Structures are given as C-alpha cells and as structure tokens.
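Novice: Here is my input, please return the structure:
(2 chains)
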Number of protein chains: 2
Amino acid sequence: MPALPAGEVGLVTPRDFVFPGTYTFKNGQTLNGFTLRYETYGELNATRDNAVLICHALSGDHHCAGWHRADDRKPGWWNNLIGPGKAVDTTRFYVICANVIGGCQGSTGPSSINPETQRPFGNSFPFVTITDMVRTQKLLLDHLGIAELHAVIGGSMGGMIATAFAIECPQFVRRCLAMATTSREGAQAIAFNEVGRQAIMQDPAWNGGDYARDGGPRVGLAIARMMAHITYLSDASMDRKFGRRRTQTGAETQFEVESYLRHQGQSFINRFDANSYLAITRALDDFDLASSYGSLEQAFAGVQAETLVMGFTSDWLFPPEQNRAIALALLRAGKRVSYAELSTDLGHDSFLLESRELYSLVHGFLERPAGSLNFAI
Amino acid sequence: MPALPAGEVGLVTPRDFVFPGTYTFKNGQTLNGFTLRYETYGELNATRDNAVLICHALSGDHHCAGWHRADDRKPGWWNNLIGPGKAVDTTRFYVICANVIGGCQGSTGPSSINPETQRPFGNSFPFVTITDMVRTQKLLLDHLGIAELHAVIGGSMGGMIATAFAIECPQFVRRCLAMATTSREGAQAIAFNEVGRQAIMQDPAWNGGDYARDGGPRVGLAIARMMAHITYLSDASMDRKFGRRRTQTGAETQFEVESYLRHQGQSFINRFDANSYLAITRALDDFDLASSYGSLEQAFAGVQAETLVMGFTSDWLFPPEQNRAIALALLRAGKRVSYAELSTDLGHDSFLLESRELYSLVHGFLERPAGSLNFAI
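Specialist: Numbering: from 1, shown residues only, chains lettered A, B, ... in the order given. As a prediction, this is how the structure comes out:
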C-alpha cells in the first residue's frame, strides 16, 4: 500500500438527530422520543451508498475525527484513522459517528431530563442493549437518507455494535469490520465491570441513581475508571511506560503509574455520567450472540456483509481467541470473512494504535472490490 | 512419591510473642514493643534445627493449619499442605507461622492501640517493609530458641518474605521455597494495588486513617478486595466456575460471578483492617530487590540457602517469568537453586491448589539430602 497522505477533516460541528416517535427498547420499555448526537465527515454520494458508520467504545463518543475548536488540545478519538486520504478516506466515504443511546455526550441517556418528572432519568432509564444501540443508529441513518452502509466499523463495544448491525440489518450492511471485540464477555470481563459498578453504586453520592447533573458519585466513578483503564493496557506496555519510576507530588512520593491513574480517574469524572457508565457496562455484559440466537452460527445465518475481524495479541480483555471465534463462526455459517491478528503489546487499546499495518488492513478492506474477501488467518 | 497420608494437626491455639524492646523499622521509625501472633505445629527437636517457617500472603494470617474450634467451617489456609505425613510433615518438622507486623489478625499493626494516644495507630503506623516482616519474625524465632531454619516457605507476598529471609539471615536459613512471587512488582500489579488503596482512602469513612476499630471504610475495602480477587484467579478458572450463569437475588437477576465477588468483598471487611491493607500493599509495592541491592545477583550474593522457586503458568499477577527471573539470578550468583513451573489454570492462587505435583515438589524439597539440589527448569 502506498503511504497515505495525512489529510485532516479539520473543524467539525456535532449535530443532533431528534427522533420524535416512541422508541421501544428490546426489553419492551419505551421512550417518547430520543436524541442522538453525531458527526459526519465527507459527502454522501448520489447513490447514497458510500456511508461508513463508526461505532465507539464504552467511554467514547461521536467525536471521532477533526477538531471542535482551533485550539482543541486533542482531535477526535480515531483521527489517526479517519480523514482525507487516510485509511477511512473521507474524500471517498461519508463517515458518520453517533454517541450511543444511553450515553452522556449529547445523546439521550440516564442523565437526560425525563419530561414526565423534569429530573434526570437516572436509574429509571430503560435497560439498554447493544441491539438498541444498533436500532437507534439505524433510525439516524434512515434520517440521513443512507441507502446502505458501505461499511460499519468499531473496536471493543464498537465491534459488538458493528457485528450486531450486520445481523440486525443484513440487507443494509455490505462490510463489517470488528476489532478487539467479543461475541460475549467471559466471567473475568463481567467481574471487572461489576466491581466498577459496585464502586459507583456504593458511593453514597450515587443515591440510588438520583443525583444532580453536576454532582453524583465522582469518587466511585473515578475508581471504576482507574480499574477499567488497567484492563485496557497490557502489563508490558505499562512497564514500558511507567515501570517502577517514582515521582514527587508535594510531600509524597508515589509511583508514576499511580499519578497517571489518578489523573485518568479525575479527568473521566468531568466528562462521563455514572448512570451512563452503569447502563453501558450492563449492555456490554448482557451482549451474548450465541445465547440470543441459539448459537453463534445461527446468529450469523442471515448476515450479508463481508466481515473482517481483527484481534490483538496483547489484548487480555477481549483476547484474540474471542475475536477469532467470531470469524470462525461466520466461516462455518458460510459467510465471506477474514481474520487478522496483529502483534502488538499495547493491550486492548491496540485498536486505537498508530500502526501502518492496521491502516493498511482497514484501507484494503474498505477499498477492495466487493466479493474479493477470502478467509485467511 | 508414595501417596501421603492425610493426617491432621487437629485443634490449635494461637499464641502471642510480645517483644518488649524498641523495634526500629527499616525506614528509621520506631515502635516501643510489638506483638506477633503465631501458631506452631509439631515439636522442635533437640538440636533445634527442624523448624519450618511458613510466610503468609497479603490477606493471610498465622492460622495456616488445623482448626481453632471443633465446629470451625474451614481449617487454616494451607491445611492441605501441612500436617502429619503431609508435604510439610509435622511429625518431622516444627512448623511456625506468624501474622506479619502491620497485619490485623493479632500482630501489631495500624489497628493496634498506640499507648501514647490510646487510639489506633491508623495511618501513623510506621512504614512497613518486607524486611521488617523478616526481622520481626526473626525475633520470634530467636525467642522460640530456634538454632536455624530447616526451611522458609511462602507464596505471593509470603514468597517475598521467604526470599528476603534468605538474604537477610543467610546463616540461619538452609532452604528457601518461594512460590507465585516476584523480586519486584511490575507497573500493572502496582496499579491494581493503587486503585484498591484509592477505593479505601476516598471512602469518607477512612477519615485520613482515623476511625474506630469496628468502623472504617468498609465500602472502599470491599471494592479493593473484589478487584484484587479477580487478579488472584485466571480468566479460564472464572469461566469454568461461573461462566455467564445468572442467579436470582430477590427481584434482581445478576451474574453468578457478581454475587460471588460481592460475597468476597463483604466477608473480607469483617476480618481485615483497611489501614493494614494500605500498609501491606505499600510493602508489596515497595519491595524491589534489584533496586535495594544494586542488582538481583548482588541481592543474592550472600545467600546460603538452597532455593526452590515455583511459578504457575496461569498466574498473571506474578507471572512465571518473574519467578523464573529469581531462580536465574540465584544461579548467576552461584547458588543452589531449582525452578519448577506448574501448569495450572487457577491463576495466582494456584499455590494454594490441592495438587499432588505441588505436594511432591514441596515434600521432595524439604526431605532430600542437603546439597542435592541441581538447577533444572
């Protein structure tokens, strides 16, 4: 692959999609209207079939490329992948990314005001599933006039949404790219999420989920984030980044990894809602394709999309085996699928890596002719 | 090895060793007297050289074999290993196990009353190191009239203490058996400990370390324990034990692994002091033989003991490599050492495993003639 020019999408403005009807969640609960905040980059073509949907992870949002203001310290979370001439080329594709339902970055979620009570929904927000994230985003894509998705792409929870999208809307999704993901979490991943939830719910400021928008269980949420952050990295990458180095903080000496984690916890509580964290981790834990459809092969029986699954060797949260299992089940279901395993030592967050190999795989997957995918491991 | 008979040490009574003098900690702080609670099994021989010291892990204590009362639900924590005819044979050895200084099971620690203030030491307790755990236990062994240790044995933190004992008292220790341990934690292990400490210290009930003996940061301590407990198990063992099974608790459905962890957290807060947890995890994080002595080889330069190091394949907290590194450094320092790596899928807690292979290794190491150890990997 030739080197990709590093064009930028530049300044971007989020927009709100307001769905005016009644939305019925998978579990039967309803919401009278909802909002999804989203961004788009590039232009929809005349045949309205060059759209690429980007799906974010647990703590991500709709802002995956470009800058909101010229003086922003950081661009969107997947800016290294998305832009003119980049792996997801915005001169060719109309790229869309929406904050999930249940989120807290502008989309309707537990921190939104319940019009019936004029207070945040809090813990009374309907139970959100990955399927609901798919269905609400499908309503957004319909609203945008998209005829079909050239591709749906996501890592971690985003990979679950991408996979579920290909299952839920088989005629609509032509290519599906799922990275660092799983068709169902194991007991360890559930356990880490549960400890995070306990940290939040045992914080007196959680108050049964009823707290002011600028208040809430900040301590518990910071603890949950610190712990989860460890699971996103690898032992090797933490050793390389921090080792056992110590740093002086006032009178106190602490390990650098300690101050790093405290910073991660503190910055997270300023941008994330604790009830959203509960709702989205529950959606993650609840996701289980084999259980929902009888088997993984049956889950994939109707899939029309060509799929690329990517695992990362150092990912111990959703390890390579769990990614490979998705690809193998698609293969057994008679689908076009390829599996790539990248050797990295950055852990689960490797899908956000600045890696020529990753860019090349994504670029190739999006640009190759339809039907040219063969299973390779 | 022939099958070992499963004799039991039976009912045991803890005793207290009260050191009346001034103890100076490694960092220079002092304590006017201290107590170590301990148990012994078997009899000291006439030459006073058949003693085996057992060293416990972070949340362990002096009660490693037998029962305190006939109706005890569980025996001591290493009862499967220690007893008449067992791997650590109490018909041959005089076995001693003491709760560490800084602990909370009867030995002097942060929850002990400071005679100067008539309140618990709390956060003002001297900074405890692994070296202090060694030196205070050496005072106990002197008090018991032990001429030399036939062996010192420990897993996890107990392995650190065992290794440090062989360094600190080279003439005194003939054999050293360290399992599932490390000569220094990596950044990930420090990070997990730090999140646990933050959970405790951010709990308002911690109150800067000043709380009543029956109070304290129960919520934070439970969170810390739940998280740490995940790191003691393996992904595979959690999947086998819990998978994604759900259980009904009142009106709520939750994953079995969730209720298991909640139970772990709740039972821990009834037996452990939060300030002890802070002190002992800090001792763990602080332990760094290479840094303390210039290199690992220099740390081991004076060791006289024959050493057996055991790593467990599924231990991701103190992985096999970190155990092997101890053995290799001892070898490079010209010492008699053997390394054994056991294939298990129980994670860090594998050293507590009921395993004939483990019993055989321990038994063989204790009973073989002196000087017969050869390095084998």
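Novice: Need the phi and psi values for the residue in the stretch 201-350 of chain A that chain B sits nearest to.
Specialist: At 3.8 Å from chain B, residue A:238 is the closest residue in the stretch 201-350 of chain A, using CB to the nearest CB. Every residue, glycine included, has its C-beta placed from N, CA and C. Torsion angles at residue A:238 (phi, psi; degrees, to the nearest 10) stand at phi -70, psi -40.
Novice: wait, doesn't it sit right on residue B:194?
Specialist: No - using CB atoms under 8 Å, residue A:238 makes no contact with residue B:194, being 11.6 Å away.
Novice: Residues in contact with both of those two, list them for me.
Specialist: residue A:257 (CB atoms under 8 Å, 6 or more residues apart in numbering or on different chains).
Novice: quick one: the residue of the stretch 1-150 of chain A at minimum distance from chain B from residue A:116, how far?
Specialist: Of all residues in the stretch 1-150 of chain A, the one sitting closest to chain B is residue A:127 (11.0 Å; CB to the nearest CB). Distance, residue A:127 to residue A:116, by CB to CB, to the nearest Å: 18 Å.
Novice: what does residue A:313 give?
Specialist: Going from residue A:313 to residue A:116 by CB to CB gives 50 Å.
Novice: sorry, back to before: quick check: chain neighbours aside, which residue is closest to the residue of the stretch 201-350 of chain A closest to chain B?
Specialist: Sequence neighbours aside, residue B:187 is the residue nearest to residue A:238 in space, at 3.8 Å (criterion: CB to CB, 6 or more residues apart in numbering or on different chains).
Novice: Looks like the one you found contacts residue A:257 (just checking).
Specialist: Yes - using CB under 8 Å, residue B:187 is in contact with residue A:257, at 4.6 Å.
Novice: Residues that sit against both of these two, list them.
Specialist: Counting by CB under 8 Å, 6+ apart, the residues touching both residue B:187 and residue A:257 are A:238, A:241-242.
Novice: Redo those residues as CSV? Include neighbour count.
Specialist: Formatted as CSV, the shared contacts of residue B:187 and residue A:257 follow (neighbours: other CB atoms under 10 Å in any protein chain shown):
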residue, neighbour count
A:238, 23
A:241, 14
A:242, 23
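Novice: Now tabulate those in CSV and tack on pLDDT.
Specialist: Converted to CSV, the shared contacts of residue B:187 and residue A:257 look like this (pLDDT from 0 to 100):
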residue, pLDDT
A:238, 95
A:241, 93
A:242, 94
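Novice: residues in the stretch 151-300 of chain A within reach of chain B, list them.
Specialist: Within the stretch 151-300 of chain A, the positions adjacent to chain B are A:184-188, A:190-192, A:194-195, A:198-199, A:202-204, A:219, A:222-223, A:226-227, A:230, A:233-235, A:238-239, A:241-244, A:255, A:257-258, A:261-262, A:265, A:285, A:288, A:291 by CB under 8 Å from any CB of the partner chain.
Novice: other SSEs contacting whichever helix or strand residue A:151 is part of?
Specialist: Applying DSSP states H and E as the criterion places residue A:151 in strand A:149-155. Where contact means 3 or more CB pairs under 8 Å, 6 or more residues apart in numbering or on different chains; DSSP states H and E, strand A:149-155 is packed against strand A:51-55, helix A:157-168, strand A:175-179, helix A:356-367.
Novice: can you pull the buried residues of stretch A:203-217?
Specialist: Buried positions in stretch A:203-217, judged by neighbour count with 16 or more other CB atoms under 10 Å in any protein chain shown: A:203, A:205-206, A:209, A:211, A:216-217.
Novice: List the contacts of it.
Specialist: With CB under 8 Å, 6+ apart as the test, stretch A:203-217 has contacts from A:110-111, A:119-120, A:122-124, A:200-201, A:218-221, A:273-275, A:278, B:204, B:219.
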